[in-house]
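Q: pasting the sequence and the predicted coordinates here, then a few questions.
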Amino acid sequence: MALQPSLRPLVVAGPLDAPHTLDIFRESDASVSSPRAKGIMIHQSVDLLNSAKIALVIDGVLKPLFAPGGKYAGKVKVIIRLQVQPWHASSTLTHESALAVVRASPESFWPYSLALFKKQGDYFDIPTSTLTPLQIRESLAQLAAQVISPDAVGKFKDLLTLKGSPNGGNAVTDDLKYTIKFSRQNSIHVSPTVLWDGLVANEISSSWGVKEWSEFLTNKITV
């Protein structure tokens, strides 16, 4: 599916011109408590667990399969679609931070995503309930500093600084709007949700390993 040029770092596996596309809608801060079915969440509170699980699958299963020399090299690309969940107050801030990394240090988007998943509990509702947005952004900057250069940290902070009119947002607001509009127009409600060549693939589960993914890809890849 389409992706605006400034967000190309969201392609985390496979080449940009790969004929097949896996769009993976995921978010970065929700609590964990409920069961799931057929790879699609039946309650929002499991979203983070399964988003984190599928992030590990991307890293350990899909990236090797789609990398040069992999079984499906050149045939599939994986696009991460950031899925803001507005009922969690910090969700906008964590996703803004990911978009700031995309601009400040494009090659660090995926390492930052993994770092954010490891620290996601710090950004749940209760831990952030007494913090201001500026304090949360500073915490995210400290997290980003673990995977991006000092110069990029300065740019990261500048991108997240509110400027201009009192309600004008920051330098990644337009990117955030793009990701939200993209999810809305495709009626994406839960994360992770996975699309294969533009259609929701309900059968995909965040618990799939090499065997299940290999079977799925063998049946789906036509080039």
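A: It's in.

Q: just for this structure, where's the confidence low?
A: Residue ranges of the chain with pLDDT under 70: 29-51.

Q: helices of that one, start to end?
A: Under the criterion DSSP state H, the chain contains helices at 47-57, 63-66, 91-104, 109-118, 125-128, 133-144, 150-159, 173-185, 210-220.

Q: out of those helices, nearest to Asp17?
A: helix 63-66 (12.7 Å; C-beta to C-beta). From N, CA and C alone the C-beta is placed, and that goes for glycine too.

Q: for that closest one, packing partners?
A: strand 11-13, strand 76-82, helix 210-220 (3 or more C-beta pairs under 8 Å, 6 or more residues apart in numbering; DSSP states H and E).

Q: sheet-wise, list the partners of the second one with their directions.
A: Taking DSSP bridges as the criterion, strand 76-82 forms sheet pairs with strand 11-13 (antiparallel), strand 20-26 (parallel).

Q: so what's the residue count around the closest residue to Arg8 other than its chain neighbours?
A: The shortest distance from Arg8 to any non-neighbouring residue, by C-beta to C-beta, 6 or more residues apart in numbering, is to Leu16 (6.6 Å). Leu16 has 10 neighbouring residues, counting by other C-beta atoms under 10 Å.

Q: follow-up on the earlier one: how about the strands paired with strand 76-82 in JSON lines, adding distance to Phe216 and mean neighbour count?
A: Output for these, formatted as JSON lines (distance: least, C-beta to C-beta, whole Å; neighbours: other C-beta atoms under 10 Å):
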{"stretch": "strand 11-13", "distance to Phe216": "15", "mean neighbour count": "20"}
{"stretch": "strand 20-26", "distance to Phe216": "10", "mean neighbour count": "23"}
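
Q: in a markdown table, list the ones you listed along with distance to Ser207.
A: Listed next are the strands paired with strand 76-82 as a markdown table, based on distance: least, C-beta to C-beta, whole Å:
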| stretch | distance to Ser207 |
| --- | --- |
| strand 11-13 | 19 |
| strand 20-26 | 15 |
